[in-house]
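Enquirer: When you get a sec, could you give me coordinates for this:
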Amino acid sequence: MNPEHLSALAAFDRRLVVQARHEGLTILTPDEQIRKYDVPTLW
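Expert: Numbers count the residues shown, from 1 in each chain. Here you go, the predicted model:
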């Protein structure tokens, strides 16, 4: 995977986290990187 793709994926993760926090949602994911953020997750 090239560095541009990794950057885009990281930005997408952050947008998901921000939206979930704002909306009071839980993110359904096995991704350990997402779990590092202050957002509820399930899996």
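Enquirer: how long is stretch 22-32 end to end?
Expert: The separation between the terminal residues of stretch 22-32, taken as CA to CA, to the nearest Å, is 21 Å.
Enquirer: in that stretch, what counts as buried?
Expert: By neighbour count with 16 or more other CB atoms under 10 Å, stretch 22-32 contains the buried residues Ile27. (Glycine included, C-beta is placed from N, CA and C.)
Enquirer: what about the strands in this structure?
Expert: With DSSP state E as the criterion, the chain has strands at 27-28, 41-42.
Enquirer: export those to CSV and tack on mean pLDDT and distance to Leu9?
Expert: Output for the strands of the chain, formatted as CSV (pLDDT from 0 to 100; distance: least, CB to CB, whole Å):
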stretch, mean pLDDT, distance to Leu9
strand 27-28, 96, 15
strand 41-42, 96, 17
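Enquirer: Export the ones you listed as TSV, with columns for distance to Ala20.
Expert: As requested, those are exported to TSV (distance: least, CB to CB, whole Å):
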stretch	distance to Ala20
strand 27-28	5
strand 41-42	9
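Enquirer: Any idea which residue is closest to the centre of the protein?
Expert: Asp13 (3.3 Å; CA atoms, centre = their mean).
Enquirer: if I look at that one, how far off is Val39?
Expert: Applying CB to CB, to the nearest Å, the value for Asp13 to Val39 is 10 Å.
Enquirer: what's the answer for Pro30, then?
Expert: Counting by CB to CB - Pro30 and Val39 are separated by 15 Å.
Enquirer: That'll do, ta.
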